[in-house]
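In: got a sequence here, can you model it:
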Amino acid sequence: MSDKKETELNYHEEENAMVQDLDDLKELGKEMEQISEKNDEDKLNQSHDSDVRSDLD
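Out: Okay, here's the model as predicted:
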């Protein structure tokens, strides 16, 4: 009985997994890096008080 339950758990883990193999993991990493870079650019381009921003000197 425990084998059947374990098999069901593994099936659901695979079904809901974001990656299936190393290639998927690499692709996910690239996507996350692109999102991070875009977020960094968006933050940098936000308007802020110039007295607070040290990168505008």
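In: the helix or strand bottoming out on mean pLDDT in the chain: what's the following helix or strand?
Out: Least confident helix or strand, the chain: helix 2-16 with a mean of 60, by mean pLDDT, DSSP states H and E. Scanning forward in sequence from helix 2-16 by DSSP states H and E, the next helix or strand is helix 22-45.
In: check the gap between residue 37 and residue 31 for me.
Out: Shown here: residue 37 relative to residue 31, a distance of 11 Å by Cβ to Cβ, to the nearest Å. All C-beta atoms are positioned from the backbone trio N, CA, C, and that covers glycine.
In: oh, that last question was meant for residue 25, not what I typed.
Out: Counting by Cβ to Cβ - residue 25 and residue 31 are separated by 11 Å.
In: in three-state terms, label residue 47 for me.
Out: With DSSP: H, G, I helix; E, B strand; the rest coil as the basis, residue 47 sits in coil.
In: that one: neighbour count?
Out: Residue 47 has 6 neighbouring residues, counting by other Cβ atoms under 10 Å.
In: then residue 26?
Out: 11.
In: could you tell me the per-residue confidence at it?
Out: Per-residue confidence (pLDDT) for residue 26: 94.
In: for the one 10 residues further on, same thing?
Out: Looking at residue 36, its pLDDT reads 95.
In: with residue 29 instead?
Out: With respect to pLDDT, residue 29 has a value of 94.
In: from here on, call the first residue 51.
Out: Renumbered: residue one is now 51, and that last one reads residue 79.
In: neighbours of it, how many?
Out: 11.
In: now residue 93
Out: Residue 93, neighbours per other Cβ under 10 Å, totals 9.
In: same question for residue 96.
Out: 7.
In: and it, backbone torsions?
Out: phi -70, psi 150 (degrees, to the nearest 10).
In: quick check: it vs residue 89, distance?
Out: Taken as Cβ to Cβ, the span from residue 96 to residue 89 is 11 Å.
In: what does residue 105 give?
Out: Taking Cβ to Cβ, one finds residue 105 at 16 Å from residue 89.
In: over to residue 75?
Out: For residue 75, the distance to residue 89 - Cβ to Cβ - is 21 Å.
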